[in-house]
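Asks: Below is the sequence, then the predicted model.
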Amino acid sequence: MKKTMIDRIAALKCWRGSITLEPLSGGMTNLNFIVLDGETRFVARICEDRHFLGIDRTNESHCQTAAHHIGVAPSVAHLEDGIMVLPFIDGKTLSNPDFQNTQILRRVASTLRLLHDSRDRLTKEMLFFCPFQTVRTYTETARSLGANLPPSIDGWVNDSRFLQHRIQAFHPTLCHNDLLASNIMDDGHQLWIVDWEYAGIGNPIFDLASVSTNSGLSDELEIEFLHAYYGRKNHEAFIELQILKTVSILREALWAVIQTVMSKISFDYTSYAAENFSAYERASYEINQLLKVR
């Protein structure tokens, strides 16, 4: 008989005794549970490899473990049988309105700077992440799965090639690559970044762009955010932020298209994809106007 998810979690070798579980809501990719082992709480994530989304759990574990040693992520307590066990963080999950607070923005900038400055201390093999390549790959994957793509997709993919050539050379480093507000937690003392499944070696400005586009930062707040990150005004980074925001939105839309045919989680991926494609059209127009002005 095939084991249920709860049976699989209960059978892990990391527990000290009998455990109790309760579902943890909110995930858009994985099913999560809070596990009480004695007096200690953990989070157990059902997280098999999902190569159609570029998710490799060994890579995720390496990236999160590195981020833990840097001091910005919880440890990986256990990884077995497609289940990752993490310490439970007793704190507040950030939401988009929190990013309208300049104090929060400065703390996020400081946390990301700590992460990105770790490049000369990293070990283990980690995947390389390029959002432009991801857009092309997701498009191919969606087609191969028979997912419903908009008629304009080929033109949009070509547009992203143009934008890729506008990105300057950068120092690759460990990046999270999926900085939704819900992936940052505040325990009252420090910020913790969680859910490292899309992490890899990449462009640090993409992390900044991910924060901005997912939380809806205004131009003024983006300038504040970049100043806090770089310690100075950085006009070139502001331009690249706009480019990477645009490709981030297209990547998110294509991610949702794939999930419409592959995910078993109850979520309206079709509407989410449509919202992001509409947002991409607006962002694409704006970035092209900005680049023409230059």
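Replies: Arrived safely.
Asks: for the residue nearest the centre of the chain, what are its contacts?
Replies: Among the residues of the chain, the one closest to the centroid is residue 178, at 1.3 Å (CA atoms, centre = their mean). By CB atoms under 8 Å, 6 or more residues apart in numbering, the contact list for residue 178 reads 195, 197, 198, 199, 210. From N, CA and C alone the C-beta is placed, and that goes for glycine too.
Asks: Swap in 10 Å and give it another go.
Replies: Listed by CB atoms under 10 Å, 6 or more residues apart in numbering, the contact set of residue 178 reads 28-29, 129, 193, 195-199, 207, 210, 214, 248, 251-252, 255.
Asks: What of residue 75?
Replies: The contact partners of residue 75, taken as CB under 10 Å, 6+ apart, are 64, 65, 67, 68, 69, 85, 86, 87.
Asks: If you go by neighbour count, which of those are buried?
Replies: Neighbour-count burial (16 or more other CB atoms under 10 Å) is assigned, among these, to 64, 65, 67, 68, 85, 86.
Asks: Retrieve the pLDDT associated with the closest residue to the fourth one other than its chain neighbours.
Replies: Sequence neighbours aside, residue 75 is the residue nearest to residue 68 in space, at 4.6 Å (criterion: CB to CB, 6 or more residues apart in numbering). Residue 75 is assigned a predicted lDDT (pLDDT) of 96.
Asks: now residue 75, what's its secondary structure?
Replies: Here residue 75 is coil, with the state taken from DSSP: H, G, I helix; E, B strand; the rest coil.
Asks: ok, now which ones touch residue 217?
Replies: 96, 99, 100, 105, 208, 209, 211, 223, 224, 225, 241, 245.
Asks: Distance check, the fourth one against residue 45.
Replies: When distances are taken as CB to CB, to the nearest Å, residue 105 and residue 45 turn out to be 28 Å apart.
Asks: Could you do the first one as well?
Replies: For residue 96, the distance to residue 45 under the criterion CB to CB works out to 23 Å.
Asks: which stretches of this structure have low pLDDT?
Replies: In the predicted model, the chain carries pLDDT under 70 at residues 1-3, 26-29, 293-294.
Asks: Break it down into its structural domains.
Replies: 5-87, 92-293 (automatic domain parsing).
Asks: Can you give me the neighbour number for the nearest residue to residue 5 once chain neighbours are set aside?
Replies: Leaving aside its sequence neighbours, residue 5 sits nearest to residue 46 (CB to CB, 6+ apart; 5.7 Å). Counted with other CB atoms under 10 Å, the neighbours of residue 46 add up to 17.
Asks: I'd guessed residue 5 sits against residue 83; true?
Replies: Yes. Counting by CB atoms under 10 Å, residue 83 is a contact partner of residue 5 at 8.4 Å.
Asks: Could I get the full set of strands for the stretch 1-150 of the chain?
Replies: Assigned by DSSP state E, counting those that start in this stretch, the stretch 1-150 of the chain shows strands spanning 19-24, 31-37, 40-46, 78-80, 83-87, 92-93.
Asks: In a markdown table: those, plus distance to residue 167.
Replies: Converted to a markdown table, the strands of the stretch 1-150 of the chain look like this (distance: least, CB to CB, whole Å):
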| stretch | distance to residue 167 |
| --- | --- |
| strand 19-24 | 37 |
| strand 31-37 | 34 |
| strand 40-46 | 32 |
| strand 78-80 | 34 |
| strand 83-87 | 32 |
| strand 92-93 | 31 |
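Asks: Please enumerate the strands of the stretch 151-294 of the chain.
Replies: Using DSSP E, counting those that start in this stretch, strands in the stretch 151-294 of the chain cover 173-175, 184-186, 191-193, 200-202.
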